Structure formats: structure tokens, C-alpha cells
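Q: With the input below, show me the fold.
(4 chains)
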2 protein chains.
Amino acid sequence: MESRCENCIVRQFNSLRAMSKEELKQVSDSKTTRTIKKGEPLFEEGDKLNGVYCVRNGVSKLSKLSANGKDQIVKLASKGEVLGQRSVISQESANLSAVAVNDMEVCFIPKESINNTLQKNPNFTLEVLRHMAHDLKEADDVIVNISQKTVKQRMAEAFLYLQNNFGEDADGFLALTLSREDISNVVGTATESAIRIISEFKKKGLIQTSGKKIGIKDERRLHEIVEGF
Amino acid sequence: MESRCENCIVRQFNSLRAMSKEELKQVSDSKTTRTIKKGEPLFEEGDKLNGVYCVRNGVSKLSKLSANGKDQIVKLASKGEVLGQRSVISQESANLSAVAVNDMEVCFIPKESINNTLQKNPNFTLEVLRHMAHDLKEADDVIVNISQKTVKQRMAEAFLYLQNNFGEDADGFLALTLSREDISNVVGTATESAIRIISEFKKKGLIQTSGKKIGIKDERRLHEIVEGF
DNA sequence: TTCCAAACCTGACATTTGTCATAGTATCCC
DNA sequence: GGGATACTATGACAAATGTCAGGTTTGGAA
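A: Residues are numbered from 1 along each chain as shown, chains lettered A, B, ... in the order given. Now for the predicted structure:
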């Protein structure tokens, strides 16, 4: 696979596209590529990050451990997304853990390259700002959903979200397969509750399952459930 | 009150402090000052914003209406905070409504001044970025709290938050008085539940009330409740 | 002041959700 | 292939929370 940032298609999706040729060259020279196995962490809550991670392949869950020992997944990040930006910008230790949901390939970019460009290239900074503004909006939406919708509504929403953002495989199953526990951590509920609702949706013909895999059968009725019918 | 941004103390708290003298002069020349009465909106969800609002006095609640007709308050903004930034930056209509919790005095700054500076002054952009990174972290924390803590824990946390961020008056009551409904909308619960928990906390000697006003009597035990004891 | 609307409060009850216990099932490693 | 281990599933129950239905108090306008 191409290993120069200048030619990396992934870059099209993130703020790196606002970098100048020279800046990109510098990033490319200082970056390192890593593979992360399913279940392994990119970084953990509290870690000091010395750079950011640009996702080339695979999916990472960004989660935070709560006092009662349960993880809450705040975001699922895939190809093109840059992780750790927030911590590097505010010069704080990581607020979230990033764990690979499946095998990943990522590029590590040292923070110096980022900080340097942030101070010199307003277009880049603005681009990062736009991304962060988008993340913030999404986070606000999650807050409203999680506090105002029932678990059933949020489960339906989660399936539609996975369909929209990660697509389906040839057999009509969601391309991103999460464990029941991960699903419950996205939705913010007990694993047993998540499983029960999966069973219910299946019984009602809204979804199908095959092992861990889940397929959407009746998109319209799932939408109706989200809206509260 | 001083009406030139250059001399406005409020500016110390927000990203405007990274503006150059000339930029600040331009902002000051184009800004307008408005007073907003308690209960009136600064802007509403879906509005196109032609600029941002810099809070000089008073407090605004940023909230979003959910399908079931209840508001979720996502943030309380007071002196020095800039509202509407996110929408102006992403050039989208407002994602949240901003309503005055008490009488407010705000400065409206046209988006042209902001956008102009964003493109020319990397320090300013970086400063805005830092603020947004902070907001994003807070939002992530809210997500975790709201989904992993009980209503009782979140109520206790809300009181401590109000104490920390808005202080107390001479008689030891929280300086920011919210209606029971607003409290329930911050916490994300039914108004009746909020009221019930207020009664309970009062009975247990954790807080005191006088009309709408709430005073913290036993900070330590409130902290313990937040932690789950 | 007096009245009215809005805000506050409480009880009874239904519903939702979490917890615990237990059993079935897949998966991984040797 | 077999056993250990983790994941999935389901029932029974308890706890938390929301809803509805009424009261009481408060604050502001006439």
C-alpha cells in the first residue's frame, strides 16, 4: 500500500487535506505506520499522547470508563478519521480510550508536525476546527438522544447508524460486527437489555441475525421506532 | 458600561483575546449590544445565525428539543462565553436554542468579522479551536454521566456544578436560581423526579431550600452520592 | 389587595430498565 | 478433537424512573 501521505487517499477525508505540499512532506517523513489487532488499544484514558493517529483501515471505538466499571462508547472512528487530536490540541492527557474493534492499520503522526502546522497554516487550523465543530454537534445530539429516548429507540437508532456509516455486506448484514456488549456500550444500557431487544426486534421481523452478525430487514419500521411509535 | 471591545474585561475569558488590535477595533465597530429579558431567546434551533453572541452579563441555557417535547439543556453559558460559534464555523443553522435564564446583556458580532479573522489570524483560530476542544471534552463527559449514573447521582452533581461555576450568594444559596423544570432538563429527567429528589436531599440535610432557591449544606455527602455511595 | 396562572409538590401506579442466576453456544488454543 | 473460556441468551425479580392526577404555594398583573 502507498505509504506517502501525499498520495494517501485517506487524507481526502480529514483535515490533512488542508496541508501544503511541504507540510505534508514533513508529516510523511516523521510518521510511522502501525497495525493494531482487534481488541488492542491505540491509547487509553489518561495516556499522554505524543501525536495523533490517522486511521487507514479498520474501526476503533472511543470509550470512557465510568465509576461503575462500564464503558460508554462515545464514537466509532473509521478510515480517514484522526484520533487524539483533541488531547494534542488542549495539551491534556487523553479523555477517552481508543480500542480496535477489528484489525486496524494506522499512521502515527508526532504532535510536533501537527502543532507546527496549526500555528502556521490557518487553513489547516480552520479545517481541524470545522471537524471538531462537527464532532461537537454530534456529541450534543447524542446527549439529547440518550437522555430523552428509551433504550428501544436508541437500539433501533444504533442499527440504522451502523448501516449508514459502515454499510452492509453481500448478504445484507451490517458490515461492522460489534459484540453484544459493544452494542450495549454504544447505546448506554445493560448487555442483557440489549440482547433482549435484539431478540424482540428479531421476533418482530425488523432484523435478522446470524451469529454475532445483524442484518436490517425492515428499515422503515426501525425508523418509526426511533421516532417513538 | 464600557462599550469598546478593546477595554471589555469579558474578552479576557474567551477567544477574542487572541485578536490583534486592528481586528478588535473592527469587531468593536461592527458589533451591536442587546439586552435579553429572562425567558427570551437569543436564537432558536434551526435559525440561521448571522453572527455570534458574546455574553457580557446573565446566563443562557443552550438546549435542544427532543421528539417527545422535552428540552434537554446541554450547557449553561455565562459571562465571557461566545454563543453560536459552532454554527457560524460550520455554516450550518443552529443546532441548539439559546434562551436567557435571567436578564442578559450580550454583544452581537457579525459573522464576517469572525470569519475574516479566522482566515487570517492562526492564533485566533487556534484559540477558538482550544475552546471547542474543551467543550467537546465536556460533552463527552456529559454523555458518560448521563448514561451511567442514576438520576440521584446526576442531581447531586448538578448542584455541585452550579456551586462551582456560578457560586453562592451571601446567604449560602446557589447564585444561579433555576426553575425545577430547568434543573430537570439539565439532569435529563422528569420534573417530578427532580422535585422528589430535591425533597429527599432536603430531608436528609444535604441541601436547604427557600422558594426556588437551593443551598448546599453538606458538600461532602453530595460528593459521595455522585461517586455512588 | 386580589385574583389567576404558573410553578411547585406529593401520592399512586405503571413501565422501563437493571441485576442476578443459569444455561446454551461459539471460539480459541493446545 | 476437546476442554476452557468468553460470549449469547432467557427467566425471575428488584429497583429506578416516568406518568397521571390531584393538591398547594408563589409571583406577578389588574
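Q: A:S147 against B:I146, yeah?
A: Yes. Contact criterion CB atoms under 8 Å: A:S147 and B:I146 qualify, at 5.2 Å. C-beta: built from backbone N, CA, C; applies to glycine.
Q: So for stretch A:110-125, mean pLDDT?
A: For stretch A:110-125, mean pLDDT rounds to 93.
Q: Helices of chain A, start to end?
A: A:21-30, A:85-90, A:111-120, A:122-148, A:151-166, A:180-187, A:191-203, A:219-227 (DSSP state H).
Q: any chance of those in CSV, plus mean neighbour count and distance to DNA strand D?
A: Shown next, in CSV, are these (neighbours: other CB atoms under 10 Å in any protein chain shown; distance: least, CB to the nearest atom of the strand, whole Å):
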stretch, mean neighbour count, distance to DNA strand D
helix A:21-30, 15, 36
helix A:85-90, 22, 27
helix A:111-120, 18, 33
helix A:122-148, 21, 8
helix A:151-166, 19, 11
helix A:180-187, 21, 3
helix A:191-203, 16, 3
helix A:219-227, 16, 15
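Q: Tabulate the ones you listed (CSV), appending distance to chain B.
A: Below are the helices of chain A laid out as CSV (distance: least, CB to the nearest CB, whole Å):
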stretch, distance to chain B
helix A:21-30, 13
helix A:85-90, 5
helix A:111-120, 6
helix A:122-148, 3
helix A:151-166, 9
helix A:180-187, 8
helix A:191-203, 12
helix A:219-227, 6
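Q: Let's have the ones you listed in JSON lines, adding distance to B:N121.
A: Converted to JSON lines, those look like this (distance: least, CB to CB, whole Å):
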{"stretch": "helix A:21-30", "distance to B:N121": "19"}
{"stretch": "helix A:85-90", "distance to B:N121": "17"}
{"stretch": "helix A:111-120", "distance to B:N121": "11"}
{"stretch": "helix A:122-148", "distance to B:N121": "7"}
{"stretch": "helix A:151-166", "distance to B:N121": "35"}
{"stretch": "helix A:180-187", "distance to B:N121": "39"}
{"stretch": "helix A:191-203", "distance to B:N121": "48"}
{"stretch": "helix A:219-227", "distance to B:N121": "43"}
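Q: closest to B:D103 out of the ones you listed?
A: helix A:122-148 (25.7 Å; CB to CB).
Q: Check whether that closest one comes into contact with DNA strand C.
A: No. Between helix A:122-148 and DNA strand C, judged by CB under 7 Å from any atom of the strand, nothing touches; the nearest distance is 10.2 Å.
Q: ok now that helix, how far from the chain's centre?
A: 13 Å (CA atoms, centre = their mean, to the nearest Å).
Q: anything in contact with each of A:S147 and B:I146?
A: Shared contacts of A:S147 and B:I146 (CB atoms under 8 Å, 6 or more residues apart in numbering or on different chains): B:G188.
Q: ok, how many other residues are close to A:D171?
A: Burial of A:D171 is recorded as 9 neighbouring residues (other CB atoms under 10 Å in any protein chain shown).
Q: Now do the same contact list for it.
A: For A:D171, the contacting residues are A:210, A:215, by CB under 8 Å, 6+ apart.
Q: How about the one 4 residues further on?
A: Contact analysis of A:A175 by CB under 8 Å, 6+ apart lists A:166-169.
Q: Buried among the residues you listed? Need that as a selection in PyMOL.
A: Here is the PyMOL command that picks out the buried ones among those, judged by 16 or more other CB atoms under 10 Å in any protein chain shown:
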select buried, chain A and resi 166
